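Q: Kindly generate the corresponding structure for this input.
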Amino acid sequence: MSLNKTQFNLMAVTFFSCLLLACNGKQGDDLDQFMANAANEMSKSVAPLPEVLPYSPLQYNVDGVLTDPFKSRKAKAGSGSLQPNINRPREALESFPLESLSYVGSMSKKGLKYALIKSPEETLQQVRLGNYIGPNFGRIIAINENAIEIIEVVQDDITGDWVERDASINLQE
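A: A predicted model of the protein is given here:
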């Protein structure tokens, strides 16, 4: 028994119609219920906007109690004795943050103690007392077996004066 083209098309249409009717069950009831209740649960009033307070400009004191945000702090800090020499030639390890440098060992040559520092570029550098290291004008003041001690010169956020702070790089194990 062979099917002709018309019978085949009729059977295909009947099959797909049955499939569509089977998909028309009660699957959308929870969505329909949510949509019906959503409008009832919405608040009908909007909270009022907060009151806008009038603008009052801040006056800067002549005696310098409040710092002027438009005045450069660096210009103000020029008189300090701790101000670093910005015009001196920079050393190789001053271009790396201290956190990225590793203290890998120390050695002595001709009575001078040297520390071996590994940079992020994987190069090994010899440093000694007085060498500069790090971006904050750090100067090496001690080389110990466990750490290198550094004094950095940074600008204070509030006063703009140059101040010293301690830093160190511990021996990498």
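Q: Show me where the protein has its helices.
A: Listed in chain order, the helices of the chain (DSSP state H) span 5-22, 29-41, 73-76.
Q: Which of those has the highest mean neighbour count?
A: Per-stretch averages of neighbours, counted by mean count of other CB atoms under 10 Å, single out helix 73-76 among the helices of the chain, with a mean of 13. (Glycine included, C-beta is placed from N, CA and C.)
Q: and that helix, what's its mean pLDDT?
A: Averaged over helix 73-76, pLDDT sits at 48.
Q: could I get the helices of the chain as CSV with distance to Val154?
A: Formatted as CSV, those follow (distance: least, CB to CB, whole Å):
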stretch, distance to Val154
helix 5-22, 75
helix 29-41, 57
helix 73-76, 12
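Q: ok, of the ones you listed, where does mean pLDDT dip lowest?
A: helix 73-76 (a mean of 48).
Q: if we can go back for a sec, ok, which of the helices of the chain comes nearest Val163?
A: Closest approach to Val163 among the helices of the chain is made by helix 73-76 (12.6 Å; CB to CB).
Q: for this protein, what spans make up the strands?
A: Remark: strands assigned in the chain by DSSP state E are 102-109, 112-118, 124-128, 132-133, 138-143, 147-155, 162-170.
Q: Count the neighbours of Ser119 for me.
A: The number of residues packed near Ser119 is 15, by other CB atoms under 10 Å.
Q: repeat for the one 5 residues further on
A: By the criterion of other CB under 10 Å, Leu124 has 11 neighbours.
Q: ok, it - contacts?
A: 104, 116-118 (CB atoms under 8 Å, 6 or more residues apart in numbering).
Q: burial of Thr159, as a residue count?
A: Residues within reach of Thr159, counting by other CB under 10 Å, total 14.
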